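1. got a structure for you, letters missing:
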């Protein structure tokens, strides 16, 4: 499995904009747009493939767009919501390669 670095900047920018403006619908739609792009460009030959993410090198969870969408619908006080936002903040706070988002499609 290969980290699709060609999507790192765009997705990090989408995360940053979400943190700044809180527009969940726009954020999720942007992520889905990048997923469609990966599908069209045949990043994977698996028809059931989807885009998923890791937030930094220590992240052990594969987070899909559906996971993000569901988590952002939780109350802001929910532990999973807070954990997601922490992951978003981690990948947008500086240019440390150990903290950058990892993008996969499989």
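-> That came through fine. No experiment lies behind these values; they were computed from the predicted model shown.
2. so what does the helix or strand bottoming out on mean pLDDT in the chain touch, helix or strand wise?
-> Least confident element among the helices and strands of the chain, by mean pLDDT, DSSP states H and E: strand 101-105 (a mean of 92). With contacts taken as 3 or more Cβ pairs under 8 Å, 6 or more residues apart in numbering; DSSP states H and E, strand 101-105 sits against helix 8-21, helix 24-40, strand 51-55. Heads up, the C-betas are built off the backbone N, CA and C, glycines and all.
3. which one of the ones you listed lies closest to residue 73?
-> helix 24-40 (7.8 Å; Cβ to Cβ).
4. What angle do helix 8-21 and that closest one make with each other?
-> Orientation check (axes from the mean of the first three to the mean of the last three Cα atoms, to 10 degrees): helix 24-40 against helix 8-21 gives 170 degrees.
5. from the chain's centre, how far out does helix 24-40 sit?
-> 10 Å (Cα atoms, centre = their mean, to the nearest Å).
6. what sits up against it?
-> 4, 7, 10-11, 14-15, 17-18, 44, 49-51, 65, 68-69, 72-73, 105 (Cβ atoms under 8 Å, 6 or more residues apart in numbering).
7. how about 7 Å then?
-> Applying Cβ atoms under 7 Å, 6 or more residues apart in numbering, the contact partners of helix 24-40 are 4, 7, 10-11, 14, 18, 50-51, 65, 68-69, 72, 105.
8. returning to what we had before: relative orientation of the least confident helix or strand of the chain and strand 51-55 in degrees?
-> 160 degrees.
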